[in-house]
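Asks: coords below, sequence missing:
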């Protein structure tokens, strides 16, 4: 009886394993595209101007999704979001496209330090609808901010040790 049960379960396991090996193709791009929030690439304002949504993340004063004029340049966009915060890493600003360019690129890494130093706009690219711009924070700035938090915690521990009742 045990031998028959073992053979039966082995057979069921083998059939399940073989059926699981069936080639299944899923159109991931099509299914994601159906649910994208950014399906509207261009929006017309009340005064007839063409507007686009652009996402700005990272170490800026007002990160988030912003509705801006079509054709906005990178300097104006950074101004709209309130500029970079102190400690922003301007040498490695990343721009992610929703749809690839004519040359097939989806990701750009820009050096905006040249612009902030001498106004050189040669490294700018055009802003497209639903672009996501990420301005990272310098590690040194992040570290200094974290040291401040660690200093506060250690000060509280020191205060507790100094004020606790002496049980000796």
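Replies: Cool, the structure landed. Keep in mind that this is a model prediction, so the values were computed, not measured.
Asks: low-confidence ranges, the chain, go.
Replies: 1-39, 167-168 (pLDDT under 70).
Asks: and if we set it to 90?
Replies: Residues of the chain meeting the criterion pLDDT under 90: 1-45, 48, 99-104, 113-123, 139-168.
Asks: please, where are all the strands along it?
Replies: Here the chain has its strands, by DSSP state E, at 43-44, 50-58, 64-69, 93-96, 107-110, 132-135.
Asks: turn these into TSV, columns for distance to residue 121.
Replies: All C-beta atoms are positioned from the backbone trio N, CA, C, and that covers glycine. Converted to TSV, the strands of the chain look like this (distance: least, C-beta to C-beta, whole Å):
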stretch	distance to residue 121
strand 43-44	26
strand 50-58	18
strand 64-69	17
strand 93-96	14
strand 107-110	11
strand 132-135	15
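Asks: mind putting those strands into CSV with distance to residue 78 and mean neighbour count?
Replies: Shown next, in CSV, are these (distance: least, C-beta to C-beta, whole Å; neighbours: other C-beta atoms under 10 Å):
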stretch, distance to residue 78, mean neighbour count
strand 43-44, 21, 12
strand 50-58, 8, 18
strand 64-69, 11, 14
strand 93-96, 9, 18
strand 107-110, 11, 14
strand 132-135, 8, 20
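Asks: residue 151: which of the ones you listed is closest?
Replies: Among these, strand 50-58 comes nearest to residue 151, with 25.3 Å by C-beta to C-beta.
Asks: give me the helices and strands touching the closest one, please.
Replies: Under the contact criterion of 3 or more C-beta pairs under 8 Å, 6 or more residues apart in numbering; DSSP states H and E, strand 50-58 touches strand 43-44, strand 64-69, helix 74-80, strand 132-135.
Asks: so what's the gap between the top helix by length along the chain and the chain middle?
Replies: In the chain, taking DSSP state H as the definition, the longest helix is helix 139-163. When distances are taken as C-alpha atoms, centre = their mean, to the nearest Å, helix 139-163 is centred 29 Å away from the chain's centroid.
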